[in-house]
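Let me see the structure of the following:
(one chain, ligands or ions: 1)
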Amino acid sequence: MTDHDVIVIGAGPAGLTAGIYAGRMRLSTLVIEMMMPGGQAAITHLIENYPGVSPLSGAELASRMQEQMESFGAVLVSDTVTGIERTGDHFTVMRGSGPTTARAVVIASGTGYRELGIPGEKEFVGRGVSYCATCDGPFYRDQEVAVVGGGNSALQEALYLTGLVTKVYLIHRRDEFRAHPVLAERVRAHEKIECICSHTVESIEGSGAGVERLNLKPVGEGEKRVLEVPGVFLFVGLKPKTEFLGDLIETNEWGFITAGEDTRTNVPGICAAGDCREKPLRQIATAVGDGATAVFAIERYLDDGEW
Ligand code: NAP
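The predicted model follows:
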């Protein structure tokens, strides 16, 4: 007899959807989240591409998903998972408050921010270096800031910051953006954004009070530049939160779980859903699909062991 039928690790859109589907299937479901429900989506200020839902904040969407999940009986707890062990025909999930057992597991642990790894970055985290515009943007009201990156996150958050600050320097290492063309158009046309393309940040400097300047170097030809800004927001990609799995689950060279579209991992009874899975598109819409698919796979596994 296990504590639960299913344990879901992570309460981003993938984990919350798995909770909704598992709860609705009357499976006893525990969802474990170490931070706030909603994952990366929860700190996105505006979600405007989730079908059928008028633009809303990620926090609001997460809160609605959580409410819907809890209405079907799944239980959300705040805790940190440190490992999973296979014990006979069930799994033991190790967490801060002790081990908990389940017949099946959905890993929906998502991703965290990739760091640039440049001098000054670690030193000034929380004192001018930020990975979250929604959280820290208001500290720079009526000042100038820099954003680093050329993907959807960097451009979306640069646009968000224009509502608070006087100017955003957007620093990108190439002269073309990886982000969606619609975002790129908006950014290039925005009067408060100066794009500094084909440049990287060499170092971040400051004093006890915090960040004071960024030293930029050109990629190839061009001039070095110094930007006098008190804040820099880094959006240079994501890294999967899968280290706690050890060798139990197969991952690719970057640590993303190598489950297919059916979300089944190499271990029968464990599915991987959302951004932590190797996949071509990391969106709320694709995470939600994974959460539902994972519960479909797990239901069949619990019924007759099919994998
Ligand atoms: P991303 O798409 O991987 O973009 C990372 C950006 O950082 C790239 O432009 C990359 O440059 C740059 N970069 C990486 N390492 C760097 C380094 N060492 N120095 C300088 N620049 C560096 O990451 P993301 O923007 O965080 O997005 C992650 C996922 O979430 C994506 O799949 C994205 O589509 C999704 N997302 C979607 C939305 C939305 O649809 N509204 C919003 C946010 C995020 P290169 O381009 O040269 O590689």
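
could you pull out the strands for the stretch 201-307 of the chain?
210-218, 225-227, 231-234, 238-240, 270-272 (DSSP state E, counting those that start in this stretch).

The first one - contacts with which helices or strands?
Counting contacts by 3 or more Cβ pairs under 8 Å, 6 or more residues apart in numbering; DSSP states H and E, strand 210-218 packs against strand 199-207, strand 225-227, strand 231-234. For every residue, glycine as well, the C-beta is placed using N, CA and C.

Check which residues of the first one are buried.
Taking 16 or more other Cβ atoms under 10 Å as the basis for neighbour counts, the residues of strand 199-207 that come out buried are 199-201, 204-206.

Likewise for stretch 278-298?
For stretch 278-298, using 16+ other Cβ under 10 Å, the buried residues are 278-279, 282-284, 286-295, 297-298.

What distance do you get for the closest residue to S130 other than its chain neighbours to the ligand?
Leaving out its chain neighbours, the residue that sits closest to S130 by Cβ to Cβ, 6 or more residues apart in numbering is D136, at 4.0 Å. D136 is 16 Å from the ligand, where distance means Cβ to the nearest ligand atom, to the nearest Å.

isn't D136 right up against V129?
No: using Cβ atoms under 8 Å, D136 is not in contact with V129, being 9.2 Å away.

The residue nearest to S130: neighbouring residues, count only.
17 (other Cβ atoms under 10 Å).

Repeat that for G149.
Other residues lying near G149 total 24 when counted by other Cβ under 10 Å.

Skipping adjacent residues, who's closest to it in space?
Distances taken as Cβ to Cβ, 6+ apart place F235 nearest to G149, at 3.8 Å, with adjacent residues excluded.

gap between the closest residue to the ligand within the stretch 151-300 of the chain and L238?
At 2.3 Å from the ligand, G151 is the closest residue in the stretch 151-300 of the chain, using Cβ to the nearest ligand atom. For G151, the distance to L238 (Cβ to Cβ, to the nearest Å) stands at 9 Å.

Is G98 in a helix, a strand, or coil?
coil (DSSP: H, G, I helix; E, B strand; the rest coil).

and the gap between it and the ligand?
Using Cβ to the nearest ligand atom, G98 is found at 34 Å from the ligand.

Give me the distance between the residue nearest to V236 when sequence neighbours are not counted and the ligand.
In this structure, V236 finds its nearest non-sequential neighbour in G149, 4.8 Å apart by Cβ to Cβ, 6+ apart. To the ligand, G149 is 4 Å away according to Cβ to the nearest ligand atom.

Near the ligand, list only the ones from the buried residues of stretch 278-298.
Subset of the buried residues of stretch 278-298 in contact with the ligand: 282-283, counting by Cβ under 6 Å from any ligand atom.

Quickly list what's touching both of D136 and V129.
G231 (Cβ atoms under 8 Å, 6 or more residues apart in numbering).

Touching, the residue nearest to G149 and Y131? I think so.
Yes: F235 lies in contact with Y131 (Cβ under 8 Å); the separation is 7.4 Å.

Looking at the two, which is more packed in?
Taking neighbours as other Cβ under 10 Å, F235 and Y131 compare with F235 leading, 25 against 18.

Tabulate the strands of the stretch 201-307 of the chain (JSON lines), appending mean pLDDT, mean neighbour count and distance to L61.
Formatted as JSON lines, the strands of the stretch 201-307 of the chain follow (pLDDT from 0 to 100; neighbours: other Cβ atoms under 10 Å; distance: least, Cβ to Cβ, whole Å):
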{"stretch": "strand 210-218", "mean pLDDT": "97", "mean neighbour count": "18", "distance to L61": "32"}
{"stretch": "strand 225-227", "mean pLDDT": "97", "mean neighbour count": "15", "distance to L61": "34"}
{"stretch": "strand 231-234", "mean pLDDT": "98", "mean neighbour count": "25", "distance to L61": "22"}
{"stretch": "strand 238-240", "mean pLDDT": "92", "mean neighbour count": "19", "distance to L61": "19"}
{"stretch": "strand 270-272", "mean pLDDT": "98", "mean neighbour count": "30", "distance to L61": "22"}
